[in-house]
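Student: 3D, please:
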Amino acid sequence: MIYLDYNATTPVAPEVFRAMEPFLTAEFGNPSCDYPLGLRTREAVRRAREEVAALLGCAPDAIVFTSGATEANNTVLKGVAHSHGRGHIITAATEHPAVLAPCRFLKSQGFDVTILPVDGTGLVDPGEVRRALRPDTILISVMHANNETGTIQPIREIGALAREAGVLFHTDAAQSICKVPVDVDVLRVDFLTVAGHKFYAPKGIGALYVRPGVGFTPLLHGASQEGGRRAGTENVPYIVALGEACRLARERLPVAPAHLRGLRDRLHELLRNGVPGLILNGPEVERLPNTLNVSFPRLAGCDLMGGLPQVAASLGSACHAGQVAISPVLAAMGLPASVALGAVRFSVGLPTTLAEVEEAAAMLLQRVLRLTQS
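Tutor: Numbering: from 1, shown residues only. Below you'll find the predicted structure:
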């Protein structure tokens with residue numbers, strides 16, 4: 001199998017596995033305990049927190065470990081809402097369900113929610129954010145980079161608007177880490193979400209950046225772990241893994257984007273040359289360097305990829321029992337159903353090779369030829 005779905009999840013890096021392995025066996029202590037076994041795990045958690053903070057450009061005590069991006073997003077949205085009791089929340093139509101679903105829940109609890117439109121490339125207009133602001137706005141949540149199209153949002157501009165208005169600002173950066181630089185001060189965010197399994201750490205671990213001085217009601221109540229912001233005994237092996245993945249990301253960031261972009265663009269070139277009318281979904285420039293979302297004209301993505309079990313990629317539509325559901329992201333971008341039906345997202349990763357990209361392109365072109373001539 002040629003794996004071209006790194007936006008869905010990534011394999012655990014060998015360095016990450018080696019770092020976490022001792023904490024799955026011999027170093028099993030509870031970080032809350034004061035004897036040596038506990039003190040060693042407490043120190044490991046401290047070091048991991050420093051690595052996450054170094055990657056994001058913040059102080060270690062601004063980092064809260066979570067079970068992943070879904071928990072982090074829910075913590076921000078519900079935590080800010082519960083702290084205020086009522087108010088208005090702004091988000092965007094192309095957000096991940098881990099943001100849109102909590103927003104729908106909060107709307108059912110009496111909060112007002114504005115869902116901003118996007119343009120044909122998936123971009124939010126900062127002017128729309130400014131126009132949506134109200135005296136009772138308590139939170140803006142706009143993702144850094146879209147998981148389907150790779151569209152990178154104008155987060156710095158939106159962050160500046162939020163600061164000017166005195167409104168808290170959250171961005172889900174689950175897809176950004178290890179692909180593009182992420183600095184919380186540059187982005188002017190109050191909250192930022194990290195998901196470990198998107199950059200070579202295990203599933204089930206993530207982090208939330210919380211700007212110092214910003215308060216919220218915790219999602220989980222119990223003991224006083226994570227400075228009272230997230231109760232529960234720390235998942236030490238996975239926290240160590242996240243720290244090591246962040247260390248590797250910081251080390252690789254100077255070269256990773258160019259490497260990923262080269263592979264992505266080679267795949268795009270081969271497909272574009274072999275498929276007349278191939279459509280790029282998303283912006284040409286302002287997108288993640290690893291992400292290619294394209295629509296194959298007059299073909300359904302499920303038919304195309306259904307005959308290619310050797311290539312792993314994600315579809316822009318879901319096919320079940322003869323019915324097709326188009327991606328809400330592509331629908332929000334205004335893509336006609338016929339175009340969205342043929343969408344496939346390819347996302348390369350650091351382990352991807354040029355030979356894999358070229359072999360996958362050859363198989364895809366052969367499959368397109370077979371389908372269009374049948």
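Student: ok, residue 127 - contacts?
Tutor: Taking Cβ atoms under 8 Å, 6 or more residues apart in numbering, we find residue 127 in contact with no residue. Placement of C-beta: from N, CA and C, glycine included.
Student: Ok, residue 1 next?
Tutor: Contacts of residue 1 (Cβ under 8 Å, 6+ apart): 309, 310, 311, 312.
Student: quick one: which of those residues is nearest residue 14?
Tutor: residue 312 (20.4 Å; Cβ to Cβ).
Student: any idea how far the closest one is from residue 3?
Tutor: 5 Å (Cβ to Cβ, to the nearest Å).
Student: What of residue 32?
Tutor: 39 Å.
Student: So which of those two has more stuff around it?
Tutor: residue 3 (19 against 13; other Cβ atoms under 10 Å).
Student: how close does the nearest residue to residue 259 once chain neighbours are set aside get to residue 365?
Tutor: In space, and not counting its chain neighbours, residue 259 is closest to residue 350: 7.1 Å by Cβ to Cβ, 6 or more residues apart in numbering. Distance, residue 350 to residue 365, by Cβ to Cβ: 25 Å.
Student: Which of the contacts of residue 1 has the largest number of neighbours?
Tutor: residue 311 (22 neighbours).
Student: Please list all residues in contact with it.
Tutor: 1, 2, 4, 305, 360, 363, 364.
Student: can you pull out the strands in the stretch 101-250 of the chain?
Tutor: All strands of the stretch 101-250 of the chain, identified by DSSP state E, counting those that start in this stretch, fall at 112-116, 137-141, 168-172, 191-195, 206-210.
Student: Which of those strands has the highest mean neighbour count?
Tutor: strand 191-195 (a mean of 30; mean count of other Cβ atoms under 10 Å).
Student: For it, which helices and strands make contact with it?
Tutor: helix 36-56, helix 69-84, strand 168-172, strand 206-210 (3 or more Cβ pairs under 8 Å, 6 or more residues apart in numbering; DSSP states H and E).
Student: Could you check the angle it makes with helix 36-56?
Tutor: Here strand 191-195 points in a direction 110 degrees away from that of helix 36-56 (axes from the mean of the first three to the mean of the last three Cα atoms, to 10 degrees).
Student: Partner strands of strand 191-195 and their direction?
Tutor: Strand pairing for strand 191-195, determined by DSSP bridges: strand 168-172 (parallel), strand 206-210 (antiparallel).
Student: unless I'm mixing things up, residue 47 is touching residue 243, no?
Tutor: Yes. The pair residue 47 / residue 243 is scored as a contact, 6.2 Å apart, by Cβ atoms under 8 Å.
Student: So between the two, which is more surrounded?
Tutor: Using other Cβ under 10 Å as the criterion, residue 47 and residue 243 rank with residue 243 on top: 31 against 16.
Student: residue contacts, the closest residue to that one other than its chain neighbours?
Tutor: Computed as Cβ to Cβ, 6+ apart, the closest residue to residue 243 that is not its neighbour in sequence is residue 48, at 2.7 Å. With contacts defined as Cβ under 8 Å, 6+ apart, the neighbours of residue 48 are 239, 240, 242, 243, 244, 246.
Student: Closest one to residue 130 out of these, please.
Tutor: Distances from residue 130 to the contacts of residue 48, taken by Cβ to Cβ, are shortest for residue 246, at 33.6 Å.
Student: circling back: out of the strands of the stretch 101-250 of the chain, which comes closest to residue 8?
Tutor: Residue 8 sits nearest to strand 191-195 of all those, at 11.3 Å, using Cβ to Cβ.
Student: What average pLDDT does the closest one get?
Tutor: What strand 191-195 shows for mean pLDDT is 98.
Student: contact partners of it?
Tutor: Residues contacting strand 191-195 (Cβ under 8 Å, 6+ apart): 52, 56, 68-69, 72-73, 76, 144, 168-174, 177, 182, 184, 206-211, 214, 242.
Student: cool, stretch 102-120 as well?
Tutor: 73-74, 77-78, 81, 86-95, 100, 124-125, 128-129, 132, 136, 141-142, 151, 332-335.
Student: now, which of these lie within helices?
Tutor: Among those, the ones falling in helices (DSSP state H) are 73, 74, 77, 78, 81, 100, 128, 129, 132, 332.
Student: Adding distance to residue 12, write those out as a markdown table.
Tutor: Formatted as a markdown table, the ones in helices among the contacts of stretch 102-120 follow (distance: Cβ to Cβ, whole Å):
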| residue | distance to residue 12 |
| --- | --- |
| 73 | 23 |
| 74 | 25 |
| 77 | 29 |
| 78 | 30 |
| 81 | 34 |
| 100 | 29 |
| 128 | 39 |
| 129 | 37 |
| 132 | 40 |
| 332 | 33 |
